[in-house]
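>>> Only the shape, not the letters, is given here:
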């Protein structure tokens, strides 16, 4: 009986020690287990606790310094209730927001903010219209994600100093403003220009896991040979000089309404 009592006391003390250690677990101790999930990024100069810490240097796979990361992780994660706040600050990318995992496994995000210099993100973004450059700003008050896809979303933003790099050179677009909303997994994005830039444009993009549809109108406000040449590659111009693009694809999309050649920059 005495042996059993001592064993129970020992187990209780061991459990208390483990709980205290976990409650005050240094963040640098768990870094080797976190980094394999970061797709090549490394956390250096890590300070604080697992629950409230920071990494003064976040580097990419090639050693390029990306910025600093701060986080707050609720200790409710020990009970399976994941609640996380992130703040990332770097020369080409800044991000902040809070996330929590719901009982059904979906992720709810709130107060998201993103500011990115597109040319500073490493690998150039290759699109059919060219490589975009400029400053992308985005805020989202609420998002509900399942498997990484937004089921619900309310977001808006700007693309400042917008331009695209093509094999013929750079094309200046000006400033574009956009807003996005998702319901039931279908995302709708609308955009328009800032009314003073070289490009006059409005557009509507719909996305779902099964397909996409694009409807956009573009017209040069001024005589800009590079911009007019770029627009001419997108499709034939109407009498007012505007180019209308209608395209769709995916399992739920109808065949493109314009020739595929207009997609080449």
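Yep, that arrived. This one's a predicted model, so the numbers in the text were calculated from it and none came from an experiment.
>>> Average pLDDT for the strand ranked longest in the chain, rounded please.
Looking across the chain with DSSP state E, the single longest strand is strand 149-166. Averaging pLDDT along strand 149-166 gives 94.
>>> elements contacting whichever helix or strand comes after that strand?
Next along the chain after strand 149-166, taking DSSP states H and E as the criterion, comes strand 169-183. On a contact count with 3 or more CB pairs under 8 Å, 6 or more residues apart in numbering; DSSP states H and E, strand 169-183 meets strand 131-146, strand 149-166, strand 186-193, strand 199-208, helix 225-234. In short, each C-beta sits where N, CA and C put it, glycine included.
>>> Can you tell me the strand partners of strand 169-183 and which way each runs?
Using DSSP bridges, the strands paired with strand 169-183 are strand 149-166 (antiparallel), strand 186-193 (antiparallel).
>>> What residues sit buried inside that strand?
Neighbour counts over strand 169-183 (16 or more other CB atoms under 10 Å) mark 171-178, 180, 182 as buried.
>>> Now tabulate those residues in CSV and tack on pLDDT and distance to residue 251.
Output for the buried residues of strand 169-183, formatted as CSV (pLDDT from 0 to 100; distance: CB to CB, whole Å):
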residue, pLDDT, distance to residue 251
171, 94, 32
172, 94, 36
173, 94, 31
174, 93, 35
175, 95, 35
176, 95, 29
177, 96, 31
178, 96, 25
180, 96, 22
182, 94, 18
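>>> ok so, going back, how about JSON lines for the helices and strands packed on strand 169-183, with distance to residue 115 and mean neighbour count added?
Formatted as JSON lines, the helices and strands packed on strand 169-183 follow (distance: least, CB to CB, whole Å; neighbours: other CB atoms under 10 Å):
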{"stretch": "strand 131-146", "distance to residue 115": "5", "mean neighbour count": "17"}
{"stretch": "strand 149-166", "distance to residue 115": "9", "mean neighbour count": "18"}
{"stretch": "strand 186-193", "distance to residue 115": "18", "mean neighbour count": "17"}
{"stretch": "strand 199-208", "distance to residue 115": "22", "mean neighbour count": "18"}
{"stretch": "helix 225-234", "distance to residue 115": "26", "mean neighbour count": "17"}
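>>> Pass me the low-pLDDT residue ranges in the chain, would you?
Regions of the chain meeting the criterion pLDDT under 70 cover residues 1-24, 121-124, 252-265.
>>> care to break it down by domain?
The record's domain split for the chain, according to automatic domain parsing, is 23-91, 106-258.
>>> Tell me which of the ones you listed sits nearest to residue 97.
Residue 97 sits nearest to domain 106-258 of all the domains of the chain, at 3.8 Å, using CB to CB.
>>> Including distance to residue 63, could the strands paired with strand 169-183 go into TSV?
Below are those laid out as TSV (distance: least, CB to CB, whole Å):
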stretch	distance to residue 63
strand 149-166	25
strand 186-193	35
